[in-house]
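Student: Got a sequence here, can you build the structure:
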Amino acid sequence: MPKYASAVITTARNQIGYHEKASNYNLDDYTANSGSGNYNKFAHYIDTNYPTFYNGRKNGYAWCDIFVDYCFLYTYGLDTTLYLLCQPLNSAGAGCTYSYMYYNQKGRVGKTPKVGAQIFFGYSQDNLTHTGIVENFDETYVYTIEGNTSDQVARRTYRRDYSRIYGYGYPDYDEEGSGGNTTPDNPAAEGGLNDDYTTTPTTTPFTDTTPPVVTIFDNISETLTKAIGAFAYVNQNNAPCRTWYSDTAPQLKSHPTLNKNTRIGLCSRHKDSAGNHWYYFKYSGVFGFIKDCYVYDGVSTTSTPTTSAQPTQQQNTPATNNTQTETTTTTTETAPAAKPTSTTGNVSKVIPANLNSWGTYNTKRVFNKTCVFYGKVAATTLNVRTWAGTNNSRLKSVPEIRGGKVIEVLDWLRANDGEVWYYIRINGSIYGFVYAKYIQKVG
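Tutor: The predicted model follows:
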């Protein structure tokens with residue numbers, strides 16, 4: 001798996017606005033229980049999922065460095081994070097001084113900002129007091145994303161000659177040239193990511209050969225990436241390909257349309273002002289936008305299920321045993337008497353009010369890979385399956401998840417019996433389906 005700085009930065013951006021908690025509850029909510037108790041979801045995530053990462057549990061301690069470590073762990077998992085941060089297991093890396101020391105021991109420190117570098121503040125190597133992630137830089141300023149800054153996650157801007165910047169640690173990323181690129185949301189922070197991007201912020205459509213620098217479009221902050229996350233197929237002839245995610249944008253000059261069964265690489269998903277979803281795609285070296293109604297995953301309805309990141313579709317026949325138990329609670333997976341309605345945090349109401357804006361009844365499609373909300377397992381254990389429906393096999397890698405586990409809900413699908421299943425991501429890298437009835441929305 002390529003190790004791109006842009007992926008870590010994307011994780012960091014998604015946390016902007018999160019507030020430290022006064023006590024050890026409501027950790028996943030971005031603003032509830034705000035305070036100065038040093039309790040936060042980042043330390044909790046590491047304590048729970050990677051208990052050997054530090055030399056002890058860290059929730060309740062100063063968390064600026066913990067936030068940086070979380071961004072790496074959430075993006076790349078344990079082994080890659082240890083490699084990138086130059087740290088051993090059971091380390092003292094929750095402290096800024098020790099984190100810098102680990103980089104220094106590998107010769108990966110310096111005084112020049114780099115995109116994705118870890119910035120350290122202080123006046124001596126033995127007393128570093130704060131840290132964050134470099135989102136971008138220019139000749140005068142360095143732009144960062146930091147945790148535990150005014151008790152929250154926020155962007156900060158510093159002059160490069162600011163006396164409190166002690167130096168930078170450089171994770172050993174792969175070069176971005178082969179994909180994985182993102183552009184900063186801060187319009188003052190362009191440049192330095194990749195030569196393919198223009199150096200002047202713009203919200204106008206881009207040319208066939210140059211992807212855009214994205215700032216604000218239709219009042220939605222979007223990030224484009226050139227990394228292909230999945231492959232898909234065009235489902236009809238003369239499907240229009242545009243220079244922006246809008247029906248009024250010009251069509252591509254090189255490929256104004258694509259025909260049925262053309263294979264394209266999907267890079268990211270976007271929503272226009274009318275609520276329509278579009279894919280930012282790559283075909284024959286050219287980037288463009290195609291509406292999601294013209295795209296499907298190309299998998300037959302009789303293909304065998306798989307545990308890969310993008311599930312293949314299996315024929316959905318009704319389960320032969322309608323009382324098949326899906327959890328170890330006394331509740332079974334048979335359909336409830338009434339269909340679920342919009343969620344207010346009650347586990348019996350599992351479908352978000354805006355479900356139709358991000359889900360679909362169409363099973364022939366590529367699933368969303370962006371977190372729509374966080375959900376908590378409201379059962380003792382819950383099966384994770386390869387497709388929607390109890391007749392489908394469980395994942396081999398993670399066949400079930402424990403009660404209380406928080407997962408990312410990405411998309412949804414109805415099984416043949418009409419019941420809603422969520423397409424989820426576990427620990428940042430494992431994908432599968434769970435019965436929506438047993439997921440409680442938490443953030």
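Student: Surely Tyr100 is in contact with Asp126?
Tutor: No - contact between Tyr100 and Asp126 fails when scored by Cβ atoms under 8 Å: they sit 9.6 Å apart. All C-beta spots, glycine's among them, are computed from the backbone N, C-alpha and C.
Student: Give me the more crowded residue out of the two.
Tutor: The neighbour comparison of Tyr100 against Asp126 (other Cβ atoms under 10 Å) goes to Tyr100, with 25 against 9.
Student: ok, now which ones touch the more buried one?
Tutor: Val109, Phe120, Gln125, Leu128, Tyr166, Gly167, Gly169 (Cβ atoms under 8 Å, 6 or more residues apart in numbering).
Student: let's see 6 Å
Tutor: Counting by Cβ atoms under 6 Å, 6 or more residues apart in numbering, Tyr100 touches Phe120, Leu128.
Student: Over to it: give its phi and psi.
Tutor: Main-chain torsions, Tyr100, degrees, to the nearest 10: phi -60, psi -40.
Student: for Thr140, same thing?
Tutor: phi -110, psi -40.
Student: quick one: it and Pro113, what's the gap?
Tutor: Per Cβ to Cβ, to the nearest Å, Thr140 is found 11 Å from Pro113.
Student: Of the two, which one has the most company?
Tutor: Pro113 (23 against 10).
Student: what's the distance between that one and Trp63?
Tutor: 23 Å.
Student: List the buried residues of the lengthiest helix in the chain.
Tutor: Assignment by DSSP state H gives helix 64-84 as the longest helix of the chain. By 16 or more other Cβ atoms under 10 Å, the buried positions in helix 64-84 come out as 64-78, 81-82, 84.
Student: Show me what the mean pLDDT comes to for stretch 9-18.
Tutor: The pLDDT scores in stretch 9-18 average 92.
Student: Could you list the low-confidence segments of the stretch 51-200 of the chain?
Tutor: Across the stretch 51-200 of the chain, the ranges flagged by pLDDT under 70 are 177-200.
Student: What segments of it are strands?
Tutor: Using DSSP state E, counting those that start in this stretch, the strands of the stretch 51-200 of the chain run over 109-110, 118-122, 128-137, 141-149, 152-159, 165-169.
Student: can you redo those strands as TSV with distance to Thr390?
Tutor: Listed next are these as TSV, based on distance: least, Cβ to Cβ, whole Å:
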stretch	distance to Thr390
strand 109-110	54
strand 118-122	46
strand 128-137	43
strand 141-149	41
strand 152-159	39
strand 165-169	48
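Student: next one: stretch 387-405 to chain centre, how far?
Tutor: 21 Å (Cα atoms, centre = their mean, to the nearest Å).
Student: Take that stretch and give me the span from its first residue to its final residue.
Tutor: Distance between the two ends of stretch 387-405: 20 Å, counting by Cα to Cα, to the nearest Å.
Student: Please apply the same query to stretch 114-128.
Tutor: Stretch 114-128: ends 19 Å apart by Cα to Cα.
Student: Give me the residues contacting it.
Tutor: 5, 8, 68, 96-97, 100, 129-132, 134, 136, 144, 164, 166-170, 173, 192-193.
Student: Go ahead and build a PyMOL selection from the buried members of those.
Tutor: Per 16+ other Cβ under 10 Å, the buried members of the contacts of stretch 114-128 correspond to this PyMOL selection:
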select buried, resi 5+8+68+96+97+100+130+131+132+134+136+144+166+167+168+169+170+173+192+193
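Student: can you tell me how far the nearest residue to Ala7 once chain neighbours are set aside sits from Phe231?
Tutor: Nearest in space to Ala7, with sequence neighbours left out and distances taken as Cβ to Cβ, 6 or more residues apart in numbering, is Thr75 at 5.0 Å. Per Cβ to Cβ, Thr75 is found 22 Å from Phe231.
Student: same thing with Lys58?
Tutor: 40 Å.
Student: Please say which of these two ends up with more neighbours.
Tutor: Lys58 (23 against 15).
Student: tell me the secondary structure for the residue nearest to that one when sequence neighbours are not counted?
Tutor: Closest residue in space to Lys58, ignoring its immediate chain neighbours: Ala43 at 4.5 Å, by Cβ to Cβ, 6+ apart. Here Ala43 is recorded as helix under DSSP: H, G, I helix; E, B strand; the rest coil.
Student: Ala43 contacts Gly56, correct?
Tutor: No - judged on Cβ atoms under 6 Å, Ala43 makes no contact with Gly56 at a distance of 10.9 Å.
Student: So between these two, which is more surrounded?
Tutor: Ala43 (25 against 10).
Student: OK, contacts around that one?
Tutor: Lys58, Asn59, Trp63, Ile66 are the contacts of Ala43 under Cβ under 6 Å, 6+ apart.
Student: how close does Ile426 get to Arg263?
Tutor: 28 Å.
Student: Next, work out how far apart Ser124 and Cys371 are.
Tutor: 40 Å.
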